[in-house]
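# Okay, here's the prediction I keep looking at, along with the sequence it came from:
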Amino acid sequence: MMKARPGTVDLCRILMNTGGEVISGGTLAGLLSCSRQSVWKSIRSLVEEGFSIESIPQKGYILRELPRYDLAPSYIGALMNNTVFSKTEIYLYETLSSTQVSAKQHGRQSGTENVVVISEEQTQGRGRRDRSWISPHGSGLFLSFFFKPRLLPGRLQLVNLAAGLAVKDAVEKTCSVRLALKWPNDLLWENRKVCGILSEASSESDRIRDCCTGIGINITSPSLENNREAAAVLSQAAFLNDMTGGVHRGVLAATLLDRFADILAVMEIDGGKSLLERYRKECATLGRDVAVITDDGTERGRGVGIGENGELIVQNQHGTVAYCAADIVHATPEES
C-alpha cells in the first residue's frame, strides 16, 4: 500500500514547479511550514513512489524524473487543482476486495474529511443493485471517494448525477473521447458500457453524515481465458485504450476528482440547479424509448425528464412515472 499525505503532495507539487532547478531543504521547510527532518521523510516517501529525486550536498534537492507508474498517489494529488479537495488523503493498493469498503473504513476511522482509495484490482467490486463489478488487475481505474456533502438524504441521487458528469468531462478532456451519459450515471460508447458509478451514504433524518462514491472505468481489455463468465460480461463492455492512443490513469484520476469537486461545490451553493440544468442537456436517456427494470418487473416508455432530486421521469401508456432507482435499457433504433 502507498499513501499520499497532504504534506507529501504539497512537496511533490513544489518540486514539479521548480522547472528542474535545485531547491534547498531550508526553503522547502519554510514553504511547507515544517522541519527539515519532515522534508527529508517526505522526500523518502516520494522516492518510494517512484520519483527520481537527487540530493545535492550543501545545495538541496532536484526532481530528475516523474514516476513511470501512472497511479503514484502523490503525483495524482499534485495534479489536482481544486482547493476544496487539496487535503485529500490518497491510498493506493495492489488488490482489495472493494475500494468502497476500504474508503469508508479509512474515512470513518481517521476522521479525515476526504479520502480517495484506488486499487489495481478488486476481488469483490460492486455495482448498482449489488451486482458484481469485474475489476481485473491493471485493466481499469478503480477508485472510491469518501467525503461529507452538505445535502439532505433525499438528494443523494444528485451525487450520482454529478459523478457521471465529472467522468464524462474528464474522459473528454484527457482522452478526447465523447461518451454518452445514461441515467443515472452509466457512461457508454457506441452503446457499450465504459464506466459504472455507485454512491452510498450514511444518513440521519436531516442530513447525510458521509458519502462514498465508487467509480470503475474500463481502460484496457484484460485477458480472461480462465474465466469464461467474466470474459462474456466484459465482451459487451468498451475500453478507453481501444478509442485512443493510450490513457494515463493518474492524469485521468486527478482530472476526474477535480471536476467532481467543482460540480459538488457549485451544487452546495445553488442547491443543484446548475447540475440539473446541465444534466438534462447531456443525458442520452431523455427523448429515448426505454425499458425500466425494477424489482417489480419491466415497464416500457420514453424518458421525458429529470426531477428535482435526480429521479428519471418516464412517460408510458398510463401517464408519467418517476423512478428513483431502476435499471434502464435504451431501445435500439429498430426497437423504437
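Happy to help now that I have it.

# In the stretch 101-250 of the chain, what residue spans correspond to strands?
Listed in chain order, the strands of the stretch 101-250 of the chain (DSSP state E, counting those that start in this stretch) span 115-119, 140-147, 180-182, 186-189, 192-203, 208-218.

# What are the contacting residues of the shortest one?
Under the contact criterion CB atoms under 8 Å, 6 or more residues apart in numbering, strand 180-182 has outside partners 164-165, 168, 187-189, 191, 279, 282-285, 328, 330. For every residue, glycine as well, the C-beta is placed using N, CA and C.

# One more pass at 7 Å, please.
Outside of strand 180-182, the residues that reach it under the criterion CB atoms under 7 Å, 6 or more residues apart in numbering are 164, 168, 187-188, 282-285, 328, 330.

# and if you look at stretch 206-218?
Identification of contacts with stretch 206-218 by CB under 7 Å, 6+ apart yields 99-100, 103-104, 107, 125, 133, 135, 139-149, 151-153, 156, 159, 163, 167, 194-203, 237-240.

# Just the buried residues out of those residues, in ChimeraX syntax.
A single ChimeraX command is used to select the members of the contacts of stretch 206-218 judged buried by 16 or more other CB atoms under 10 Å:
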select :99,100,103,104,107,125,133,135,139,140,141,142,143,144,145,146,147,149,151,156,159,163,167,194,195,196,197,198,199,200,201,237,238,239,240
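
# and the residue located most distally from the centre of the chain, which of the three is it?
Within the chain, Q58 marks the point farthest from the mean C-alpha position, 42.2 Å out by CA atoms, centre = their mean. What DSSP: H, G, I helix; E, B strand; the rest coil gives for Q58 is coil.

# how close does it sit to M243?
51 Å (CB to CB, to the nearest Å).

# Likewise for T27?
Applying CB to CB, the value for T27 to M243 is 44 Å.

# do T332 as well
21 Å.

# which of these two has more neighbours?
Here T332 and M243 are set side by side on neighbour count (other CB atoms under 10 Å), and the busier one is M243, at 17 against 9.

# ok so, going back, which of the strands of the stretch 101-250 of the chain sits closest to G303?
If you check each of the strands of the stretch 101-250 of the chain against G303 by CB to CB, strand 180-182 wins as the nearest, at 9.5 Å.

# before we move on, back to that, and the pLDDT for the residue farthest from the centre of the chain?
The score at Q58 is 91. That number is its pLDDT.

# Quick check: phi and psi on it?
Here the main-chain torsion angles of Q58 (degrees, to the nearest 10) amount to phi 70, psi 0.

# if we can go back for a sec, dump the strands of the stretch 101-250 of the chain into TSV; add distance to R5 and mean pLDDT as well.
Below are those laid out as TSV (distance: least, CB to CB, whole Å; pLDDT from 0 to 100):
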stretch	distance to R5	mean pLDDT
strand 115-119	12	96
strand 140-147	16	95
strand 180-182	34	96
strand 186-189	31	94
strand 192-203	25	92
strand 208-218	20	94
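
# I'd like those as CSV, with distance to L256 appended.
CSV is the format used below for the strands of the stretch 101-250 of the chain (distance: least, CB to CB, whole Å):
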stretch, distance to L256
strand 115-119, 10
strand 140-147, 8
strand 180-182, 14
strand 186-189, 11
strand 192-203, 10
strand 208-218, 7
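
# got the contact list for the helix or strand containing G303?
Assessed by DSSP states H and E, G303 sits inside strand 297-306. Judged by CB under 7 Å, 6+ apart, the contacts made with strand 297-306 from elsewhere in the structure are 183, 276, 279-280, 283, 285-292, 312-316, 320.

# quick one: buried residues of that strand?
Neighbour-count burial for strand 297-306, counted by 16+ other CB under 10 Å, picks out 299, 301-303, 306.

# what's the closest of those residues to D270?
Closest approach between those and D270, by CB to CB: I306, at 15.8 Å.

# Please report how far the closest residue to E172 other than its chain neighbours lies from L188.
Counting by CB to CB, 6 or more residues apart in numbering, R178 is the residue found nearest to E172 once chain neighbours are left out, at 5.6 Å. Using CB to CB, one gets 11 Å for the distance from R178 to L188.

# now do K182
When distances are taken as CB to CB, K182 and L188 turn out to be 6 Å apart.

# re the thing from before, what is the mean pLDDT for the strand holding G303?
96.

# now it, how far from the centre of its chain.
Here strand 297-306 shows a centroid-to-chain-centroid distance of 28 Å under the convention CA atoms, centre = their mean, to the nearest Å.

# helices or strands up against whichever helix or strand comes after that strand?
Using DSSP H and E, the helix or strand that follows strand 297-306 in sequence is strand 312-316. Other helices and strands packing on strand 312-316, by 3 or more CB pairs under 7 Å, 6 or more residues apart in numbering; DSSP states H and E, are strand 297-306, strand 319-323.

# Could you rerun that using 8 Å?
strand 289-294, strand 297-306, strand 319-323 (3 or more CB pairs under 8 Å, 6 or more residues apart in numbering; DSSP states H and E).

# okay, these in JSON lines with distance to L46 next?
What follows is those, written out as JSON lines (distance: least, CB to CB, whole Å):
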{"stretch": "strand 289-294", "distance to L46": "48"}
{"stretch": "strand 297-306", "distance to L46": "44"}
{"stretch": "strand 319-323", "distance to L46": "48"}
